[in-house]
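*Asks:* okay, sequence plus prediction incoming.
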Amino acid sequence: MTNSSPEEAGLNVIAEPRTANSSNVTLYIYSAMSSSSATDSIENITVNAGEGLDVSGVTVANVDTAGIDEGSNQSRSQTNGPSLGSNVEGRIKRAGDGEGFVVPLDGSRAIEQNDELVVVIDGGVATTEPGNYTFSLGINNASAQEDSYNITAA
Ligand SMILES: [Ca+2]
């Protein structure tokens, strides 16, 4: 299904399943660009998943989708723009206490205002304890976008 109007700027993160102590969680990350988060050159993507998710097992092999929904008019994980898979340069770098990582890119891709960065991570992610947490994602040195998420009791 395709929506005709752009999605709202900002970050939307969905973990499936979101029950506590689940392994093999699929993480859907949608980040629609504002004028301040858009860039002519994506050099890196920094994720801090918060204490509700353990992302220490994520590798490049777990990245199922990494692409751009130009104009933010495709639903869910559909993209109509370039894939970023071939632009990943080297390995995912750990950051924080198993809560974060940095994906280095070659800088040859742009993402414009109203475009949506779509990332699906399948595997390498586990939920921790029930509660409310904050997920953040930043491109280059722009201020990170944040989304709250909830882990439920198993
Ligand atoms: Ca979309």
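*Replies:* Now that the structure is in, tell me what you want to look at. Numbering: from 1, shown residues only.

*Asks:* look at the spatially most central residue of the chain and give its secondary structure.
*Replies:* With distances taken as CA atoms, centre = their mean, the residue of the chain nearest its centroid is Ile29 (3.7 Å). Three-state assignment for Ile29 (DSSP: H, G, I helix; E, B strand; the rest coil): strand.

*Asks:* quick one, what contacts the residue nearest to it when sequence neighbours are not counted?
*Replies:* Counting by CB to CB, 6 or more residues apart in numbering, Ile29 lies nearest to Val119, which is 4.2 Å off, once chain neighbours are set aside. Every C-beta, even on glycine, is put in place using the N, C-alpha and C of the backbone. Contact partners of Val119, counting by CB atoms under 8 Å, 6 or more residues apart in numbering, are 27-29, 31, 45, 63, 65-66.

*Asks:* can you lay out these as TSV showing distance to Glu16 and pLDDT?
*Replies:* Below are the contacts of Val119 laid out as TSV (distance: CB to CB, whole Å; pLDDT from 0 to 100):
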residue	distance to Glu16	pLDDT
Leu27	8	96
Tyr28	7	96
Ile29	12	96
Ser31	18	96
Ile45	21	94
Val63	16	90
Thr65	14	91
Ala66	18	92
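
*Asks:* so what strands line up beside the helix or strand bottoming out on mean pLDDT in the chain?
*Replies:* Ranked by mean pLDDT, DSSP states H and E, the weakest helix or strand in the chain is strand 93-95, scoring a mean of 88. Looking at strand 93-95 with DSSP bridges, its partner strands are strand 100-104 (antiparallel).
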